[in-house]
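**Student:** everything below, folded, please.
(4 chains)
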There are 4 protein chains.
Amino acid sequence: MSHNSFGHLFRVTTWGESHGPALGCVVDGCPPNIQLTAEEVQVWLDKRRPGQGKFVTQRQEPDAVKILSGVFADERTDGQVTTGTPISMIIENVDQRSRDYGEIAQAFRPGHADYAYFAKYGVRDYRGGGRASARETAARVAAGAVARKILGGVTIRGAVVQIGPHAIDRNRFDWDQTTENPFWCPDPAMVSVWEEHLETVRKAGSSTGAIVEVEAVGVPAGWGAPIYGKLDAELAGALMSINAAKGVEVGAGFASAAFSGEENADEMRMGNDGPMFLSNSAGGVLGGISTGQSVVARVAFKPTSSILSLRQSINEAGEEIDLRTKGRHDPCVGLRAVPVVEAMTACVLADAFLRHRAQTGGGAHLPGKVADR
Amino acid sequence: MSHNSFGHLFRVTTWGESHGPALGCVVDGCPPNIQLTAEEVQVWLDKRRPGQGKFVTQRQEPDAVKILSGVFADERTDGQVTTGTPISMIIENVDQRSRDYGEIAQAFRPGHADYAYFAKYGVRDYRGGGRASARETAARVAAGAVARKILGGVTIRGAVVQIGPHAIDRNRFDWDQTTENPFWCPDPAMVSVWEEHLETVRKAGSSTGAIVEVEAVGVPAGWGAPIYGKLDAELAGALMSINAAKGVEVGAGFASAAFSGEENADEMRMGNDGPMFLSNSAGGVLGGISTGQSVVARVAFKPTSSILSLRQSINEAGEEIDLRTKGRHDPCVGLRAVPVVEAMTACVLADAFLRHRAQTGGGAHLPGKVADR
Amino acid sequence: MSHNSFGHLFRVTTWGESHGPALGCVVDGCPPNIQLTAEEVQVWLDKRRPGQGKFVTQRQEPDAVKILSGVFADERTDGQVTTGTPISMIIENVDQRSRDYGEIAQAFRPGHADYAYFAKYGVRDYRGGGRASARETAARVAAGAVARKILGGVTIRGAVVQIGPHAIDRNRFDWDQTTENPFWCPDPAMVSVWEEHLETVRKAGSSTGAIVEVEAVGVPAGWGAPIYGKLDAELAGALMSINAAKGVEVGAGFASAAFSGEENADEMRMGNDGPMFLSNSAGGVLGGISTGQSVVARVAFKPTSSILSLRQSINEAGEEIDLRTKGRHDPCVGLRAVPVVEAMTACVLADAFLRHRAQTGGGAHLPGKVADR
Amino acid sequence: MSHNSFGHLFRVTTWGESHGPALGCVVDGCPPNIQLTAEEVQVWLDKRRPGQGKFVTQRQEPDAVKILSGVFADERTDGQVTTGTPISMIIENVDQRSRDYGEIAQAFRPGHADYAYFAKYGVRDYRGGGRASARETAARVAAGAVARKILGGVTIRGAVVQIGPHAIDRNRFDWDQTTENPFWCPDPAMVSVWEEHLETVRKAGSSTGAIVEVEAVGVPAGWGAPIYGKLDAELAGALMSINAAKGVEVGAGFASAAFSGEENADEMRMGNDGPMFLSNSAGGVLGGISTGQSVVARVAFKPTSSILSLRQSINEAGEEIDLRTKGRHDPCVGLRAVPVVEAMTACVLADAFLRHRAQTGGGAHLPGKVADR
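**Tutor:** Take a look at the predicted model:
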């Protein structure tokens, strides 16, 4: 129930403000005897790290993660393994760039959480967005790295499929392309379009939205649960909790509203490896339970709220002001969200795996086999 | 953590299968001294009830709700009030229409949860979809009726904004129209188009998807919480948990991906009643916390999976079959989802209200006022 | 977090008042494919049922349980099995004996929850104690019956070890005796002492306390978890939640305060079946995790609060009154608590089993075996 | 549900091993605008700190706490206040005293959690007990310091009422005495007896148990909740989760088993300040809800498991060994448990306060007043 924890059995609690001394997370419920080093976690943090290109914020943060608990020497491998106790990870804030917040300290930046936090709490750490800063997502990525280790055979990968009004051509979708450009773009023909669009936006001091797609390949049938424990419902909640997310869809998503029943309901046949589906409108989930197909979701991100244009707002004193948000910001937060979308997907799946194992012992009942009740 | 419970402080647990003797819910955490009768709950159930038109299932269920606990005579009003103890509500299944399930008992209907339940549990109540039937949503509507009583001044209303490929014209959006036609349609010019589309679909034994919009007017600023307790994240999880939901968006949602920063970030001025926003791209939520604007969300529903066309599938024995799904079904489940979308929104908001009151005592800090820390 | 739910993965929600139409529970998280009939649940309810002797309340309740959901026909056995969906059980109240509550409706009976409920909620169902009545424990016993089915090889048994000032002689402790007398007494020499004591108490219109001991035999090593998920902490919370419980101890319990380190720390040797302990001061739990020894706990119950003596109290109007509590009451609630203590122990263990299986896959690492990491 | 988190709305997650780099906690759900500095937390940690006398472990740990998040400058006071976001606190381990663990690394020390952790996880941090070390309780004390700030007018104080076989004389009970001796002893005549007993035990390389009593004065009526959210049940679970705890009782506790109904049920009168009770057998809780009387509980602690006597045990290889536990240990862990018992009580009460405020708005309904429903 706590507001800063996520998951049921694989449970992540994050803490920290943008300009505080550090941020971090505690991962509870991780199975024991899983090899885990800080270096393995760092790999994923490096993918999310700001300061890596002109289209992301210039704040320089090494985001070096330390593991403070929950692992122990593994004598068989000279490495270290999880012990089943809570894994505490910490990332120190280095580049907090001390400055005078002046007007900003009392003002509500349009599109930001400033006003909402003030209204709720009556006090807020206004430096860099405080708790509402996207820096918090570094802790999610660290937790996601642990989740990936639990998931073993499941591959989780993300791509950007739209920036501003420019959507990719799905006929050209190639996962291998996503690592070949700075935009996680799976459509090589779209790269230059996006680059030009982002450059225009950046020069104008404006920003732009994006849509991120995530796919989990290798999820066995049977994960998730009916009603309020539905895998897609958990995923929707998790992905919508990411900063700037405004929409989530699974499988055909909003497009399925225009479908006929025939287009929607994926047919089945028996393949060489067991049951197979002839299409994936469902996005790998039926009745809230995984089917063995790839789990597919998309998340819409609004444009970065910090823009250079003068905007109308008010301040804590209730005065009307005109505000320009300076600072080191991304023109497109969606770009940096990809590793976060992947991490949240990993956390949801690790949790679903543990919950499934709890209730059923794990595994799936396959048609044609004598059920091992 | 339980799969069939929803909410944190306003907590709803539902139970029951489509063709079992009854279904129901237990609502825990309701504040005491709220007037509540079965008749008031029935009002909302009647809106959801099947058998009310040719475009919804012909199953005849009175859906008469009984309150079994948690209320007591209120001597001051001759009515009854909640006591703060769990409210158990039950709805008996009447029209289970006994029949031979034959082939269906072993087959996996495409688009349905049949295969997923089998894979997970190795056993399933195949009658009418069992636990995965949309009948479970009657219990949600009953719980939502209680939530509405807690919310007092908040108005929650839903509309259908798209059926199949036919979206309404938002310039003609009129909430008053939604009660004037059987489609919850806010655009009078669209009614005949939908009627024709649904008739075509029904005659073809096919089905069609839809998009439902919900709006909560009167939500004060300050509800919701950062990070994993975000109001929009809770809402996304809740709405995606409804049968056949495939996508959820808040405010401008997916459209915001194509926005510029200027279009996205709602500006503020001081109005006569305090802070006001000049637009509502945010959908009433910033940083996961309500701003005092209307909370707006949309949910995409896939077409009903039960269609008369012959479809390829497999059965429990692992044999390939061709299947036609007969029965009493809606051509458009989205139509019946409106009261459910409203109910889930009410439950999320009631929960957010209680959580906000727990941490802060309730209320909001308003700009220009001396904060009553 | 809900106040009327218990457990994490094996999760029980109870509802109902003493004089309402019915009471019941919803059991969520039960593994699928477990044979379960209402008759099997009834066995345990019959043990708890009032009206079975002159030393328990004369209220006549058949306590006939119905299962409304979560089970389905098992074709292989002609029986029925759990489906993994929520199991809703209901028990109708039959003997509510309508009467004029008169003064009692406004008065606070000493030792009862009347005043506390009024202070908290400002409204209460005063009939027979409402929600605070021991009738609620019938729902616990029903849930416990399901838990026992999950636990398979674990035997859970309870005994009364003290009534009033009369404690059994532990040298004469014989589990087989507990079914040979109406007091769950394991010491045959104590039966007549207790009978005389209870008769004296009953005739005086007074009441007496008791201590109940529960033992779970066959719990494998490894259940439970560190820190706040400790098996003994969960057990303490569960047992203290039973009506009239005032104390809980595990293993040597309060006596261990007077122990020396040598008396306390159970030594180990290798037995034929693996590790064995030479004593059980720990009560089967070390560091919050089961060790494979029997889990042993004791619960102290205060005397029934309803007594015939005139007692000083106040009423809702704030007036001082003298009150005599008539009605059909047990002179010793501890006697009827035995099946409830067993049921709560079963629920805690079933939950611990599922949680252990979630995190580790189940099973235990045994010394001398190559760890199957 | 996570094993290392505690509480519902005031939620504490702790992490860290005895000989890892640090330990700490994250406190989520704290109300905003509460003044809080590290110095205020340090006060309570200093009370728990080892190395303060010859009867507690000689490990030298400054236990200096740092607050890493969740607080912000309060301009009105030059101090700092909570912001409503998670409060992360960290305590570095300084005196881990590197040594060769040799035999201990593979051996199971009797009375310790070694065997249970091995059986559950197949891997464990054996240095100083790892996660099972009492060092974890430092994090509880830090969290308890925050809870105390929330509780304002409630005073929580602990005393040792028995060490080994030597119980205090309750007629001499004087809270003021508890700060006048190193044993938290409220009975001045008992101090020299305990000192002699502890010296004997220490010289013998043995250890002894103890009973700690805790009292919370100023808890208003209405906190807690029926059934599974009972204040005394929450307290029992919390206190039993403390290292070495073997029993918990509330009010008259186990003694009430020998009571008559007349002795047990506390009578009421109207006092100058409203309702008052003439005795407190209940320990301030009826039906799981506070009554306005002092909440009183006692916890039994077993003797320290580490003793110098040679003891029989086994090791990971399944070999029988004879083991002597050297190290820097307390002869009586109960002594150091007092601040931990107080802290857990504070956490339970802060949580109960927030839960009560959530459901009812806070406050209590008093007899004779027009209920402000």
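**Student:** give the closest residue to A:Gly122 in space, chain neighbours not counted.
**Tutor:** Distances taken as CB to CB, 6 or more residues apart in numbering or on different chains put B:His365 closest to A:Gly122, at 3.8 Å, once the chain neighbours are dropped. No exception for glycine: its C-beta is placed from N, CA and C like everyone else's.
**Student:** can you classify that neighbour by secondary structure?
**Tutor:** Three-state call for B:His365 (DSSP: H, G, I helix; E, B strand; the rest coil): coil.
**Student:** what's the neighbour count on it?
**Tutor:** B:His365 has 23 neighbouring residues, counting by other CB atoms under 10 Å in any protein chain shown.
**Student:** mind pulling the model confidence for the residue in the stretch 51-200 of chain A that chain B sits nearest to?
**Tutor:** Closest contact between the stretch 51-200 of chain A and chain B, by CB to the nearest CB, is at A:Ala113 (2.3 Å). As predicted, A:Ala113 sits at a pLDDT of 97.
**Student:** for it, what are its contacts?
**Tutor:** A:129, A:132, B:226, B:286-289 (CB atoms under 8 Å, 6 or more residues apart in numbering or on different chains).
**Student:** reformat the residues you listed as TSV; add distance to chain C, neighbour count and pLDDT.
**Tutor:** Listed next are those as TSV, based on distance: CB to the nearest CB, whole Å; neighbours: other CB atoms under 10 Å in any protein chain shown; pLDDT from 0 to 100:
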residue	distance to chain C	neighbour count	pLDDT
A:Gly129	29	25	91
A:Ala132	25	25	95
B:Pro226	19	26	91
B:Leu286	26	32	98
B:Gly287	23	28	97
B:Gly288	19	26	98
B:Ile289	20	29	98
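**Student:** hang on, isn't A:Thr325 packed against A:Arg109?
**Tutor:** Yes: counting by CB atoms under 8 Å, A:Thr325 touches A:Arg109, with 5.3 Å between them.
**Student:** what do these two both touch?
**Tutor:** Contacts common to A:Thr325 and A:Arg109, judged by CB under 8 Å, 6+ apart, are A:305-306.
**Student:** ok, longest helix in chain A?
**Tutor:** As assigned by DSSP state H, the longest helix anywhere in chain A is helix A:333-360.
**Student:** mind giving me the packing neighbours of that helix?
**Tutor:** Counting contacts by 3 or more CB pairs under 8 Å, 6 or more residues apart in numbering or on different chains; DSSP states H and E, helix A:333-360 packs against helix A:38-48, helix A:137-151, strand A:155-163, strand A:210-217, helix A:231-240, strand A:295-301, helix B:114-121, helix C:333-360.
**Student:** one step back: thought the residue nearest to A:Gly122 was touching A:Ala116?
**Tutor:** No: counting by CB under 8 Å, B:His365 stays clear of A:Ala116, with 10.7 Å between them.
**Student:** now do the shared contacts for these two.
**Tutor:** B:Gly222.
**Student:** what residues are up against the residue in chain A that chain C sits nearest to?
**Tutor:** Here the residue of chain A nearest chain C is A:Ala358; by CB to the nearest CB that distance is 3.5 Å. By CB under 8 Å, 6+ apart, the contact set of A:Ala358 is A:9, C:9, C:29, C:354-355, C:357-358.
**Student:** from these, which is closest to A:Lys120?
**Tutor:** When the contacts of A:Ala358 are ranked by distance to A:Lys120 (CB to CB), A:Leu9 comes first, at 29.6 Å.
**Student:** quick check: the closest one touching A:Leu349?
**Tutor:** No: using CB under 8 Å as the test, A:Leu9 is too far from A:Leu349 to be in contact (12.0 Å).
**Student:** is stretch A:243-258 positioned near chain D?
**Tutor:** No: no part of stretch A:243-258 sits near chain D under the criterion CB under 8 Å from any CB of the partner chain; the closest distance found is 14.4 Å.
**Student:** what's the neighbour count on the residue nearest to A:Leu366 when sequence neighbours are not counted?
**Tutor:** In space, and not counting its chain neighbours, A:Leu366 is closest to A:Gly274: 5.5 Å by CB to CB, 6+ apart. Residues near A:Gly274, counting by other CB under 10 Å, number 16.
**Student:** quick one: is stretch A:244-263 near chain B?
**Tutor:** Yes: for stretch A:244-263, a contact with chain B is found by CB under 8 Å from any CB, at A:245-263.
**Student:** so which of these are in strands?
**Tutor:** Of the residues of stretch A:244-263 next to chain B, the ones assigned to strands by DSSP state E are A:245-250.
**Student:** which pair of those spans the longest distance?
**Tutor:** A:Lys246 and A:Val250 (15.7 Å).
**Student:** okay, buried residues for stretch A:252-269 please.
**Tutor:** A:252-268 (16 or more other CB atoms under 10 Å in any protein chain shown).
**Student:** hang on, the earlier thing: tell me the contacts of the residue nearest to A:Leu366?
**Tutor:** For A:Gly274, the contacting residues are A:292, A:366-368, B:318, by CB under 8 Å, 6+ apart.
**Student:** just the buried residues of these.
**Tutor:** The neighbour-count criterion (16+ other CB under 10 Å) marks A:292, A:366-367 among the contacts of A:Gly274 as buried.
**Student:** least confident secondary structure element in chain A?
**Tutor:** Of all the helices and strands that make up chain A, strand A:71-74 has the lowest average by mean pLDDT, DSSP states H and E, namely a mean of 91.
**Student:** what packs against whichever helix or strand comes after it?
**Tutor:** Under the assignment DSSP states H and E, the closest C-terminal helix or strand after strand A:71-74 is strand A:79-82. Contact partners of strand A:79-82 among helices and strands, from 3+ CB pairs under 8 Å, 6+ apart: strand A:71-74.
**Student:** and chain C, is the strand it packs on touching that?
**Tutor:** No: Strand A:71-74 lies apart from chain C when judged by CB under 8 Å from any CB; the minimum separation is 8.9 Å.
**Student:** neighbouring strands of that strand in the sheet, and parallel or not?
**Tutor:** Sheet pairing of strand A:71-74 (DSSP bridges) gives strand A:79-82 (antiparallel).
**Student:** pull the CA atoms of the helix or strand that the partner strand is followed by into PDB?
**Tutor:** For strand A:79-82, the following helix or strand on the C-terminal side (DSSP H and E) is strand A:87-92. C-alpha atoms of strand A:87-92 as PDB (Å, rounded to 0.1, in the frame of the first residue of the first chain):
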ATOM      1  CA  ILE A  87      18.900  -5.800  -1.800                       C
ATOM      2  CA  SER A  88      19.600  -2.200  -1.100                       C
ATOM      3  CA  MET A  89      21.100  -0.200  -3.900                       C
ATOM      4  CA  ILE A  90      22.300   3.400  -3.800                       C
ATOM      5  CA  ILE A  91      23.200   5.900  -6.400                       C
ATOM      6  CA  GLU A  92      24.800   9.100  -5.300                       C
END
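**Student:** from the chain's centre, how far out does strand A:87-92 sit?
**Tutor:** Distance of strand A:87-92 from the chain centroid (CA atoms, centre = their mean, to the nearest Å) equals 18 Å.
**Student:** before we move on, what about stretch A:324-331?
**Tutor:** Per CA atoms, centre = their mean, the displacement of stretch A:324-331 from the mean C-alpha position of its chain is 22 Å.
**Student:** equivalent analysis for stretch A:72-84, please.
**Tutor:** Centre-to-centre, stretch A:72-84 and its host chain are 29 Å apart (CA atoms, centre = their mean).
**Student:** all set, thanks.
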